[in-house]
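> turn this into a structure:
(one chain, ligands or ions: 1)
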Amino acid sequence: MEVSNSELWAIGVALRQSVARAEALPAHGVTTVAVFSDSQAAIRRTVHQDPGPGQYLARTINKHARALHAPGIEAAIHWVLGHSGVPWNNEADRQATKAREDRGYTVCERIYTSAATRATRISEGRTAAKAKWEAHKCSKHYGYRLKGKAGSWRPIPMTRVKSLATRFYRLKSGHAPVGTYVKRFGHREDDKCGWCGSRTLQMREHLFRYCSQWNDQQTEL
Ligand SMILES: [Zn+2]
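The predicted structure is shown next:
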């Protein structure tokens, strides 16, 4: 389960508020500060400070707990069943929804600063951009799908060596250096097929379906 940064952030804020009042609390007979969270994953994350998602927030929480310990106050984090009529849990939920609606984003956005989180974000962004690029470039050319891989999220060529992927995407997007293409850009006088010697235009369709030079490959396709 992915640790929710916003849950960790909320636990940290609750403890920080207590730290700010730590000097005054013992006078009121307070010995324990209890924070309630409905996220078990977040609570488990506060137990250790190992590197990984949420490490910055986990360390902040531990720092606050130690600060509370100095004047003799114990910090306790309890799990509470979420969305089940616990009054303050419902109120927290309502506040969170309100914050999302008012601002259009969650208030914990600026907390994403750890190297681990940044690396995750970069890699997720790159994967999404690749998929988007592939979909955009190839959406108009449905004629050439990879056999057995229709509908797969990550097309095979994207994981292959660059030269192979380049050829595949050129074919898919209509930029392969076939006869008609090279003639159009003035690189060659002739746009007929040189492979089979026929007087047919060397188009993608011809190479994939009719050119006698590639009969074996066509059968395999
Ligand atoms: Zn040919």
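> whatever helix or strand residue 166 lives in - contacts with which helices or strands?
If you go by DSSP states H and E, residue 166 is part of helix 162-172. Helix 162-172 sits against helix 115-138, with contacts defined as 3 or more CB pairs under 8 Å, 6 or more residues apart in numbering; DSSP states H and E. In this view, the C-beta of every residue, glycine as well, is placed from N, C-alpha and C.
> what's the angle between the helix it packs on and helix 162-172?
Inter-element angle recorded for helix 115-138 and helix 162-172: 40 degrees (by axes from the mean of the first three to the mean of the last three CA atoms, to 10 degrees).
> so how far is helix 115-138 off the chain centroid?
Chain-centre distance of helix 115-138: 7 Å, with CA atoms, centre = their mean, to the nearest Å.
> alpha carbons only: can I get that helix in PDB?
The C-alpha coordinates for helix 115-138 follow below in PDB (Å, rounded to 0.1, in the frame of the first residue of the first chain):
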ATOM      1  CA  ALA A 115      14.700  12.800  -3.500                       C
ATOM      2  CA  ALA A 116      12.800   9.500  -3.500                       C
ATOM      3  CA  THR A 117       9.500  11.300  -4.200                       C
ATOM      4  CA  ARG A 118      11.000  13.400  -6.900                       C
ATOM      5  CA  ALA A 119      12.500  10.400  -8.600                       C
ATOM      6  CA  THR A 120       9.200   8.700  -8.600                       C
ATOM      7  CA  ARG A 121       7.400  11.700 -10.000                       C
ATOM      8  CA  ILE A 122      10.000  12.100 -12.800                       C
ATOM      9  CA  SER A 123       9.700   8.500 -13.800                       C
ATOM     10  CA  GLU A 124       5.900   8.500 -13.700                       C
ATOM     11  CA  GLY A 125       5.900  11.700 -15.800                       C
ATOM     12  CA  ARG A 126       8.300  10.200 -18.400                       C
ATOM     13  CA  THR A 127       6.200   7.100 -18.700                       C
ATOM     14  CA  ALA A 128       3.000   9.100 -19.100                       C
ATOM     15  CA  ALA A 129       4.600  11.400 -21.700                       C
ATOM     16  CA  LYS A 130       5.900   8.400 -23.700                       C
ATOM     17  CA  ALA A 131       2.500   6.700 -23.800                       C
ATOM     18  CA  LYS A 132       0.900  10.000 -24.800                       C
ATOM     19  CA  TRP A 133       3.400  10.600 -27.600                       C
ATOM     20  CA  GLU A 134       2.900   7.100 -28.900                       C
ATOM     21  CA  ALA A 135      -0.900   7.500 -28.900                       C
ATOM     22  CA  HIS A 136      -0.700  10.800 -30.600                       C
ATOM     23  CA  LYS A 137       1.700   9.800 -33.300                       C
ATOM     24  CA  CYS A 138       0.000   6.500 -34.100                       C
END
